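Colleague: Turn this into a structure:
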Amino acid sequence: MCAMTYEGSSIDPNKPSIARVYDYLLGGKDNYAVDREIGDVFKRDLPGSVAIAFANRAALTRAVREIAKSTGVRQFIDLGSGLPTADNVHQVAQRHAPESRVVYVDIDPQVLVHGRALLENNEFTRVVAADVRDPEAIRTHPDTVKMIDFSRPVAVMFSAILHHVNDEEDPAGLVRFWRDQVPSGSYFFISHFRSGNNAETEEAEKVLQQTFGRGRWRTDDEIASLLDGLEILEPGIVPASLWRPEKHDNPWTADGERELTVWERLIAAGLARKP
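Modeller: Sure thing, here's the model as predicted:
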């Protein structure tokens with residue numbers, strides 16, 4: 001669940017938005033009745049499924065924190081960033097490395113309004129209005145060019161976005177585009193819905209596909225293949241809750257001993273490095 005919509009340049013309160021449904025599931029208030037109706041399907045008919053959103057957000061936060069603390073990377077591109085929540089990419093990165101620069105990319109008009117208001121006084125952060133399926137437009141956007149030095153390593157974040165890209169739209173090609181734009185030492189974070197092969201996850205997939213008319217769950221091997229040409233770091237492609245968990249992240253991350261729910265296993269995460 002992420003921010004990728006196709007509703008044009010104006011906010012349509014009568015048409016559900018992935019970004020706003022995700023906001024509702026995370027407890028936000030930037031959503032409409034039509035979004036809550038979809039969110040309530042998960043809350044009411046698929047109890048426990050809200051854990052997906054929290055597990056995904058926690059893994060993204062850990063990945064940004066680790067990159068900011070443990071590497072020299074100080075540039076982030078967050079593709080399909082969604083509505084602002086607690087601990088956005090720039091907040092996490094700049095907490096540990098104040099000079100970090102962040103470009104958020106989204107096409108949802110409400111995301112753009114809220115994001116730009118939040119970042120009005122942050123000189124190292126920009127919000128770019130573009131479709132993730134048009135990477136060239138993102139790469140050449142004046143704000144991207146101003147904020148990101150592509151001669152230096154970049155962290156590219158694909159948080160819960162590529163499962164909304166159909167196979168014929170070449171999601172691997174989108175990753176490959178950015179892989180070719182950044183130098184060695186750059187990082188790629190991915191989180192993605194996993195094929196669960198059970199009734200619960202099949203129902204969740206059907207709800208989102210029927211609502212938004214797109215997207216595909218993928219196996220761990222298929223997710224890993226999206227990162228071809230990159231070195232996938234330990235622990236590999238694993239359920240997001242098991243991606244480098246920390247005890248204080250519970251209950252949405254595991255400590256290695258707790259059995260994950262079927263929903264926590266539905267979202268996978270991984271971090272890769274360009275050699």
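Colleague: Going by C-alpha atoms from here, please, whenever you check contacts or count neighbours.
Modeller: OK.
Colleague: max-length helix in the protein?
Modeller: Identified as the longest helix of the chain according to DSSP state H is helix 51-70.
Colleague: So which residues lie in contact with it, not counting its own?
Modeller: 1, 22, 25-26, 73-74, 87-89, 92-94, 96-97, 155, 159-160, 189, 191, 240-241, 243-245, 249, 252-253, 263-264, 266-269, 271 (CA atoms under 8 Å, 6 or more residues apart in numbering).
Colleague: Buried ones among those residues?
Modeller: The neighbour-count test (16 or more other CA atoms under 10 Å) applied to the contacts of helix 51-70 identifies 1, 22, 25-26, 73-74, 88-89, 92-94, 96-97, 155, 159-160, 189, 191, 240-241, 243-245, 252-253, 263-264, 266-269, 271 as buried.
Colleague: Looking at these, which are in strands?
Modeller: If you go by DSSP state E, those have 155, 159, 189, 191, 267-269, 271 in strands.
Colleague: hmm, back to that, same question for the longest helix of the chain, mean pLDDT?
Modeller: Here helix 51-70 scores 93 as its mean pLDDT.
Colleague: now stretch 116-123
Modeller: Taken as a whole, stretch 116-123 has an average pLDDT of 79.
Colleague: Just the buried positions in that stretch, please.
Modeller: Buried positions in stretch 116-123, judged by neighbour count with 16+ other CA under 10 Å: residue 116.
Colleague: Over to that stretch now: how far is its first residue from its last?
Modeller: With CA to CA, to the nearest Å as the measure, stretch 116-123 spans 12 Å from end to end.
Colleague: go on, stretch 135-143?
Modeller: With CA to CA as the measure, stretch 135-143 spans 14 Å from end to end.
Colleague: I'd like to check what contacts that stretch. Which residues are they?
Modeller: Residues from elsewhere that reach stretch 135-143 (CA under 8 Å, 6+ apart): 103, 105, 126-128, 130-132, 144-145, 174, 177-178.
Colleague: what would those residues look like in a markdown table with secondary structure, pLDDT and distance to residue 211?
Modeller: A markdown table is the format used below for the contacts of stretch 135-143 (DSSP: H, G, I helix; E, B strand; the rest coil; pLDDT from 0 to 100; distance: CA to CA, whole Å):
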| residue | secondary structure | pLDDT | distance to residue 211 |
| --- | --- | --- | --- |
| 103 | strand | 96 | 29 |
| 105 | strand | 94 | 23 |
| 126 | strand | 93 | 30 |
| 127 | strand | 91 | 27 |
| 128 | strand | 93 | 26 |
| 130 | coil | 93 | 22 |
| 131 | coil | 93 | 19 |
| 132 | coil | 95 | 20 |
| 144 | helix | 98 | 32 |
| 145 | helix | 98 | 35 |
| 174 | helix | 98 | 24 |
| 177 | helix | 98 | 29 |
| 178 | helix | 98 | 29 |
